[in-house]
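Asker: what shape does this take:
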Amino acid sequence: MRRAIARRLTESKTTVPHFYLTADCKVDALLELRKSINETSPIKISVNDIVVKAVGSALMDVPESNVVWSPEAMQRYESADISIAVTTEGGLFTPVIRGVEKRTLSNLSMEISELASRARAGKLRQEDLEGGSFAVSNLGMFGTKEFSAILNPPQSGILAVGAASPRAIVEDGQVVVANIMTVTLSADHRAVDGALAAQWLSAFVKRIENPLSMLI
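Answerer: Numbers count the residues shown, from 1 in each chain. Sure, this is the predicted structure:
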């Protein structure tokens, strides 16, 4: 399995024109929302659940970015079908969450947990791994501040998510401390150009910094 993964990622890095955009997100509102939900809900929401929801919302906000490239034709997706990176003893798997934009946070959390558990148990089906235009790789739980991820063809984007941590920022002319999370978008330049990728990343930051907008 690791050999197959290595071959596929090497092919991606050598044949797909990657480019990268990085942004810092203020996530104090996200952390407060998560705390509030988890105080009353039997289903505990993770930061990653909210990140995946924000990725799906941003794909709907900028539908031109919800595409995959092929030599024959560009394929546009109508729904936000997003892969999540799951590390197992047997290697890295990327099961797909379909229709993220339609899911509640609790439903999304349960689906992510279910697919991650099946991946670790070696019980994923082939259809669980097929499709999707975008992926999320979160290493924040390991304390990683920021990183860049390799695209999983034919997907056109993958968001690398680092750990949120208190940092000094300037806000309204004053130095304040806020929880900041750094994210890096890797994109396929054949499908998504720089301006479009920047537009998508801006939409993601707006969603992640205003998480209540995803509950309406």
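
Asker: tell me what the residue nearest the centre of the chain is bridged to.
Answerer: For the chain, the residue nearest the mean C-alpha position is V136 (2.9 Å; CA atoms, centre = their mean). Beta-bridge partners for V136, by DSSP bridges, are I84, L159.

Asker: can you list the weak-confidence ranges in this protein?
Answerer: Under the criterion pLDDT under 70, the flagged ranges of the chain are 1-2.

Asker: please name the strands paired to the longest strand along the chain in the sheet, noting orientation.
Answerer: In the chain, taking DSSP state E as the definition, the longest strand is strand 174-188. Strand 174-188 has its sheet partners listed here by DSSP bridges as strand 18-26 (antiparallel), strand 157-161 (antiparallel), strand 165-171 (antiparallel).

Asker: buried ones in the first one?
Answerer: Meaning strand 18-26. Neighbour counts over strand 18-26 (16 or more other CB atoms under 10 Å) mark 21, 23, 25-26 as buried. (C-beta placed from N, C-alpha, C; glycine too.)

Asker: how distant is it from the center of its chain?
Answerer: 12 Å (CA atoms, centre = their mean, to the nearest Å).

Asker: likewise for the shortest one?
Answerer: Distance of strand 157-161 from the chain centroid (CA atoms, centre = their mean) equals 5 Å.

Asker: what sits up against it?
Answerer: Residues from elsewhere that reach strand 157-161, judged by CB atoms under 8 Å, 6 or more residues apart in numbering: 48, 51, 55, 65, 133-140, 146-152, 181, 183-188, 192, 197, 200, 204.

Asker: with only the CA atoms kept, save stretch 152-167 in CSV.
Answerer: C-alpha atoms of stretch 152-167 as CSV (Å, rounded to 0.1, in the frame of the first residue of the first chain):
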residue,chain,number,x,y,z
ASN,A,152,-4.3,13.7,-5.1
PRO,A,153,-5.2,13.7,-8.8
PRO,A,154,-7.5,14.4,-10.4
GLN,A,155,-8.6,16.6,-7.5
SER,A,156,-7.7,20.3,-8.1
GLY,A,157,-7.2,21.4,-4.5
ILE,A,158,-6.0,20.3,-1.1
LEU,A,159,-6.0,22.4,2.1
ALA,A,160,-3.2,21.8,4.6
VAL,A,161,-4.4,22.9,8.1
GLY,A,162,-2.0,23.7,10.9
ALA,A,163,-2.6,24.1,14.7
ALA,A,164,-4.4,27.1,16.1
SER,A,165,-2.2,28.9,18.6
PRO,A,166,-2.3,32.3,20.4
ARG,A,167,-0.4,35.0,18.5
